[in-house]
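Asker: predicted coordinates and the sequence they were generated for:
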Amino acid sequence: MATNTGAGNEKEASSTGTAGENRPGGQEITFTVPQVPAMAELMEPKRLLWFGGLAAAGVIGVLEWPVVAAVGIGSYVAERFAESNRRAAGR
């Protein structure tokens, strides 16, 4: 079972059940998995198409991997910078 914590950037999961019955005392194991907030932004169709195409160009050899990494990081940083400028101008 996984539940969101109040912080919004971590998930807490616990494991119990038949496997827990085999452990001494049937103890429950709980662990916290940090989440990357930017991943939700990367899942937009336009961004998926761009980064997917960039990765495909690297896989088939059209671009070398250092170039793919530089272009991907550069485009992400440029987009974030432009977005922050739009927000600042909208004040």
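Answerer: Done, it's in. Numbering: from 1, shown residues only.
Asker: pretty sure Trp65 sits against Val59.
Answerer: No. The pair Trp65 / Val59 is not scored as a contact, 9.2 Å apart, by C-beta atoms under 8 Å. Bear in mind the C-beta positions are built from the backbone N, C-alpha and C, glycine included.
Asker: pLDDT of stretch 65-76, averaged?
Answerer: Mean per-residue pLDDT for stretch 65-76: 95.
Asker: buried residues, it. List them.
Answerer: Residues of stretch 65-76 classed as buried by neighbour count (16 or more other C-beta atoms under 10 Å): 68, 71, 76.
Asker: secondary structure class for the last one?
Answerer: Secondary structure, DSSP: H, G, I helix; E, B strand; the rest coil: Tyr76 is helix.
Asker: roughly how far apart are it and Ala82?
Answerer: As for Tyr76, its distance to Ala82 is 11 Å (criterion: C-beta to C-beta, to the nearest Å).
Asker: and what of Ala88?
Answerer: From Ala88 across to Ala82, the span is 11 Å (C-beta to C-beta).
Asker: now swap in Ile29 and tell me
Answerer: To Ala82, Ile29 is 44 Å away according to C-beta to C-beta.
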